[in-house]
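Colleague: One predicted model, sequence on top.
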Amino acid sequence: MGPILLAFALGALAWLLVVGDLVRRHRPLWHWYFTGYPVTVFRVLATWRKAAVLNDLAVSHRPPRGLLGDLVVKGDPLRPIAPRISFPRATRTGLTVTVRLHAGQTPMTYMKAAEALVHAWRVHAVRVTSPERGLVLLTATADDPLQRPGLATAPAELLSALIGVMESGGAWVMNLRLVPHWLITGATRSGKSTLLARLIAQLATQPVALVGIDCKGGMELGLFTRRLTALATCRREAVAVLSALVVDIQDRMSVCRSAGVRSIWELPDKLRPVPVVVIVDEIAELYLSDGTREGKAEAEQCSTLLLRLGQLGAALGLHLVVAGQRVGSDLGPGVTALRAQLGGRICHRVNDPGTAEMTLGDLNKDAVAVAQSITAEERGVAVCTGPDGGWSRARSHLTPTQEAVATARKYSGMTPELPALDRALAALEGDDE
């Protein structure tokens with residue numbers, strides 16, 4: 001009976017492994033709650049004291065006797081006391097642990113120990129936050145949700161676009177009402193164009209005017225012409241479009257002043273002008289000059305007009321989404337001034353540390369290091385800022401170009417007209433003739 005029982009046990013074990021692998025791949029949430037969570041809880045509780053001691057999170061209380069000043073000459077041995085932790089609480093993507101700080105400790109110490117906790121608990125990442133004084137919340141993510149981003153859900157709102165998924169498993173949403181202007185950087189084939197296509201596909205279904213500036217001859221944004229209110233394909237056209245938008249926001253100022261309000265969102269629905277989203281692809285093409293007097297003048301005009309739109313546009317329903325492969329101070333002082341107006345930041349893989357520093361450096365130094373660690377295989381992965389001033393890794397939902405173009409074509413009938421833009425482009429065509 002011994003060999004038979006052994007064979008039966010081995011067969012049952014193999015069957016359990018096969019079933020467990022199927023559940024892990026097709027029902028990852030079930031696998032986490034029934035298998036991953038209990039194992040991770042055991043690791044957290046079993047390794048907490050040792051991890052706290054090795055990473056200077058524990059505090060040694062002095063013995064009550066046997067002291068000569070601060071010198072221990074006789075008495076009880078020093079015993080490090082680890083901070084008290086709560087029982088790990090399960091979430092859909094991992095677990096959370098609340099830690100009560102020792103007197104004199106700060107969350108910064110736990111941030112430095114986060115990488116050590118990742119290895120001790122064998123999880124993908126550990127994020128450290130402080131929900132209230134004296135407490136630290138450790139949020140452990142079991143697996144990398146960016147490997148299979150899928151499509152998270154988020155409520156539909158005006159000027160809000162569901163972009164993808166955050167590293168925490170939540171929805172990655174670009175809300176222009178909350179953060180009015182955005183800077184997006186990324187090298188070639190890093191996922192920047194896919195992100196812009198996703199953004200346009202999301203905004204195309206909403207009653208907003210989309211204005212494109214693509215000085216690469218319209219190769220990227222020209223695909224969505226039928227849903228764009230205007231498209232500039234060279235710097236000369238960009239100057240005309242941006243100048244017309246400045247005139248338009250001045251008209252909006254007059255409407256708000258006459259109504260006694262401070263933004264278009266306080267106006268009645270019948271008086272409220274249509275929101276405008278200006279999407280600039282490859283910002284460097286607007287700032288670089290060929291050395292001629294005309295080229296320098298156009299670059300200076302673009303810099304001034306973009307800065308004015310960034311400073312005045314938020315309350316008047318005009319929003320900027322500026323993208324580029326490389327963004328640095330060498331493009332001119334206007335770039336640094338414009339960056340100060342672009343509160344939302346998204347940094348894909350970049351080829352130089354200066355662009356990552358320009359995108360995220362004034363917000364968080366840790367985010368710069370994380371952005372530089374994105375590999376070429378992680379297309380669509382980016383480091384983005386949140387409305388609370390923090391940052392997170394995220395991945396945009398893969399939206400094929402054909403799907404985005406089809407969406408733009410489907411909702412082409414919703415394309416609003418802006419009289420100021422029509423007049424500017426008509427005048428430009430007349431000059432060419």
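Modeller: Okay, I see it. Numbers count the residues shown, from 1 in each chain.
Colleague: What is the burial count for Gly344?
Modeller: A total of 21 residues lie near Gly344 under the criterion other Cβ atoms under 10 Å. From N, CA and C alone the C-beta is placed, and that goes for glycine too.
Colleague: And the pLDDT at it?
Modeller: Per-residue pLDDT puts Gly344 at 92.
Colleague: got a list of what it touches?
Modeller: 174, 179, 181-183, 384-385 (Cβ atoms under 8 Å, 6 or more residues apart in numbering).
Colleague: Across the sheet, point out what pairs with it.
Modeller: Beta-bridge pairing of Gly344 under DSSP bridges involves Trp182.
Colleague: Report the buried residues of the helix or strand that contains His119.
Modeller: Here His119 is covered by helix 114-121, with elements defined by DSSP states H and E. Neighbour counts using 16 or more other Cβ atoms under 10 Å place 114, 116-117, 120-121 of helix 114-121 among the buried residues.
Colleague: List just the nearest of the residues you listed to Ile264.
Modeller: Ala114 (43.2 Å; Cβ to Cβ).
Colleague: How about that closest one: what's its closest non-neighbour residue?
Modeller: Of all residues beyond its chain neighbours, the one nearest Ala114 is Val126 (4.5 Å), with distances taken as Cβ to Cβ, 6 or more residues apart in numbering.
Colleague: can you check Arg84 too?
Modeller: Arg100 (4.7 Å).
Colleague: show me what contacts that neighbour?
Modeller: Taking Cβ under 8 Å, 6+ apart as the test, what Arg100 contacts is 83-85, 134-135.
Colleague: One more: Leu101?
Modeller: Counted by Cβ under 8 Å, 6+ apart, Leu101 has contacts 83, 107, 134-136.
Colleague: For stretch 373-381, give me every contacting residue.
Modeller: When contacts are defined by Cβ under 8 Å, 6+ apart, stretch 373-381 is touched by residues 146, 149, 164, 189-191, 194-195, 348-349, 382-383, 393-396, 398.
Colleague: tally of neighbours for Arg293?
Modeller: 8.
Colleague: Asp251 too?
Modeller: 14.
Colleague: Tell me the buried residues in the host helix or strand of it?
Modeller: Secondary structure assigned from DSSP H and E places Asp251 in helix 235-259. Applying a neighbour-count criterion of 16+ other Cβ under 10 Å, one finds 235-246, 248-249, 252, 256 buried in helix 235-259.
Colleague: And it, how far out from the chain middle?
Modeller: Here helix 235-259 is found 29 Å from its chain centre; the criterion is Cα atoms, centre = their mean, to the nearest Å.
Colleague: now for the helix or strand just after it, which elements pack on it?
Modeller: Once helix 235-259 ends, the next helix or strand along the chain (criterion: DSSP H and E) is strand 276-281. Based on contacts counted as 3 or more Cβ pairs under 8 Å, 6 or more residues apart in numbering; DSSP states H and E, the elements that strand 276-281 packs against are helix 192-203, strand 209-214, helix 235-259, strand 318-324.
Colleague: one step back: how about the buried residues of helix 114-121 in TSV, adding distance to Gly169?
Modeller: What follows is the buried residues of helix 114-121, written out as TSV (distance: Cβ to Cβ, whole Å):
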residue	distance to Gly169
Ala114	18
Ala116	23
Leu117	19
Ala120	22
Trp121	17
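Colleague: Confidence-wise, which of these comes last?
Modeller: Of all the buried residues of helix 114-121, Ala114 has the smallest pLDDT value, namely 88.
Colleague: list the contacts for Arg226?
Modeller: 408-409, 412, 415.
Colleague: ok so, going back, just the ones of the contacts of Arg100 in helices?
Modeller: Secondary structure assignment by DSSP state H places none of those in helices.
Colleague: Report the two of those residues separated the most.
Modeller: With distance counted by Cβ to Cβ, no two of the contacts of Arg100 lie farther apart than Ile85 and Gly134, which are 13.5 Å apart.
Colleague: The two: which is more packed in?
Modeller: For Ile85 versus Gly134, neighbours defined as other Cβ under 10 Å are more numerous around Ile85 (17 against 11).
Colleague: Now do the helices in the stretch 1-150 of the chain.
Modeller: With DSSP state H, counting those that start in this stretch as the definition, the stretch 1-150 of the chain shows helices at residue ranges 2-26, 28-31, 37-54, 107-112, 114-121.
Colleague: mean confidence score for the shortest one?
Modeller: Mean pLDDT, computed over helix 28-31, is 70.
Colleague: Tell me, please, where in the stretch 301-433 of the chain the pLDDT is lower than the cut-off.
Modeller: Across the stretch 301-433 of the chain, the stretches falling below the confidence threshold (pLDDT under 70) are 387-389, 429-433.
Colleague: Find the nearest non-adjacent residue to Ala161, please.
Modeller: Gln202 (3.6 Å).
Colleague: Next, work out how far apart the one you found and Ala356 are.
Modeller: Applying Cβ to Cβ, to the nearest Å, the value for Gln202 to Ala356 is 26 Å.
Colleague: is it true that Leu137 touches Thr129?
Modeller: Yes: because the distance of 4.9 Å satisfies Cβ atoms under 8 Å, Leu137 is recorded as touching Thr129.
Colleague: who has more neighbours, Gln202 and Ala356?
Modeller: Taking other Cβ under 10 Å, Gln202 and Ala356 do not tie; Ala356 has more neighbours (25 against 21).
Colleague: To which secondary structure element type does that one belong?
Modeller: In three-state terms, and counting by DSSP: H, G, I helix; E, B strand; the rest coil, Ala356 is helix.
Colleague: show me the contacts for the closest residue to it other than its chain neighbours.
Modeller: Beyond its immediate neighbours in the sequence, the residue positioned closest to Ala356 (Cβ to Cβ, 6+ apart) is Ala371, lying 4.5 Å away. For Ala371, the contacting residues are 347-350, 356, 359-360, 382-383, taking Cβ under 8 Å, 6+ apart as the criterion.
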